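[1] Test case, fold it:
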Amino acid sequence: MKKIYGVIGDPIAHSMSPIMHNDSFQRYDINAEFFAFHVKKEALQDAVKGFKAIHLAGFNITVPHKTAIMPFLDEIDPLAQAIGAVNTVVNDDGRFIGYNTDGSGFLEALKKEIPSFDNKNMLLIGAGGAARAIYFTMAHAGVQSIDIANRTLDKAEYLVKNCPYPVDSAVLRIEDAEEKLSKYDLIVQTTSIGMHPEINRSPICLDRIKKDAFVSDIIYTPLETKFLQDAKRHGARTQNGIPMFAYQGALAFEKWTGILPDTERMQSIVLKHLGGKSC
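    The predicted model follows:
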């Protein structure tokens, strides 16, 4: 019998997950198919119940459900529990188990560009589900400091207080982070600002950025956000969200099937479909 997998979010039409995962199912001769499901906040619990009823084999979770879905799952992996967000669910004999591959996916993608994080100062923009995963993962990876800039300071303060790994951190207003930009070797943008319909907006002014800084935006549609365009104009190296997307997807695929797929192929498939080149 064919197994069914999927991804849920609101919005979800932009997701490249079906294209990426369906190619991997075909490549590894797995009788399965992957779909995108548009699920609004108020319908999340009913969606989870429906997935159980149809024996969905597993699914990914994207904005805005990564935290909200947790009470509706049967079990949560300790790392995902610590992060406070789930992006991957495995159906284990009828029990829905939640995991988080966002942080690990981001780290593996970043390692291709930055071999060592020693003495690196990082600015994290945003404090949502993806930001939590990246913050905890980068703290564990040994970054010297991670400051968090967010419009809602208490959400950022929650991350700092609940991180299980020791790292120097300050919680900043966006304006204060802009003043201190020359401090940071690595700047990571995790908000939805820059996605349609906000493609002409950037979450922060980069006028004071280091010229040799590395700047990452986890958005991958558009391929190059205004934030990344501004970073390039100031001489920074950049990475869009496709490498992280491919790696987190590969780690999810491995949890579902036991097979770690070809991440380079996954990236190329997404790029081909989007009709562009990585930043």
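
[2] ok, which stretches of the stretch 151-279 of the chain are strands?
    171-172, 186-189, 214-217, 237-239 (DSSP state E, counting those that start in this stretch).

[3] So which of these is nearest residue 83?
    Closest to residue 83 of the strands of the stretch 151-279 of the chain, according to C-beta to C-beta: strand 186-189, at 15.2 Å. All C-beta spots, glycine's among them, are computed from the backbone N, C-alpha and C.

[4] returning to what we had before: need the winner for burial among the strands of the stretch 151-279 of the chain.
    The highest mean neighbour count among the strands of the stretch 151-279 of the chain, using mean count of other C-beta atoms under 10 Å, belongs to strand 214-217: a mean of 26.

[5] For the strands of the stretch 151-279 of the chain, give me CSV that also has distance to residue 252.
    Conversion of the strands of the stretch 151-279 of the chain to CSV gives the following (distance: least, C-beta to C-beta, whole Å):
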stretch, distance to residue 252
strand 171-172, 30
strand 186-189, 21
strand 214-217, 20
strand 237-239, 20
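
[6] Now the element after the worst-scoring helix or strand of the chain on mean pLDDT, going C-ward?
    Ranked by mean pLDDT, DSSP states H and E, the weakest helix or strand in the chain is helix 78-83, scoring a mean of 90. For helix 78-83, the following helix or strand on the C-terminal side (DSSP states H and E) is strand 88-92.

[7] hmm, back to that, and the least confident helix or strand of the chain, how far from the chain's centre?
    15 Å (C-alpha atoms, centre = their mean, to the nearest Å).

[8] So which elements touch that helix?
    strand 95-99, helix 129-141 (3 or more C-beta pairs under 8 Å, 6 or more residues apart in numbering; DSSP states H and E).

[9] What lies in contact with the longest one?
    Meaning helix 129-141. For helix 129-141, the surrounding residues in contact (C-beta atoms under 8 Å, 6 or more residues apart in numbering) are 63, 66-67, 79, 82-85, 87, 100, 102-104, 106-107, 117, 122, 124-125, 146, 148, 150, 159, 163-167, 188, 190, 218.

[10] Can you check the pLDDT for the residue nearest to residue 257 when sequence neighbours are not counted?
    The shortest distance from residue 257 to any non-neighbouring residue, by C-beta to C-beta, 6 or more residues apart in numbering, is to residue 30 (6.1 Å). On pLDDT, residue 30 comes in at 98.

[11] swap in residue 5?
    98.

[12] show me the contacts for residue 203.
    125, 126, 174, 189, 191, 193, 194, 227.

[13] rerun at 7 Å
    125, 189, 191, 193, 227 (C-beta atoms under 7 Å, 6 or more residues apart in numbering).

[14] just residue 248 next, same as before
    87, 101, 102, 105.

[15] what would those look like in JSON lines with distance to residue 16, neighbour count and pLDDT?
    What follows is the contacts of residue 248, written out as JSON lines (distance: C-beta to C-beta, whole Å; neighbours: other C-beta atoms under 10 Å; pLDDT from 0 to 100):
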{"residue": "87", "distance to residue 16": "15", "neighbour count": "28", "pLDDT": "96"}
{"residue": "101", "distance to residue 16": "16", "neighbour count": "26", "pLDDT": "97"}
{"residue": "102", "distance to residue 16": "15", "neighbour count": "33", "pLDDT": "95"}
{"residue": "105", "distance to residue 16": "14", "neighbour count": "27", "pLDDT": "97"}
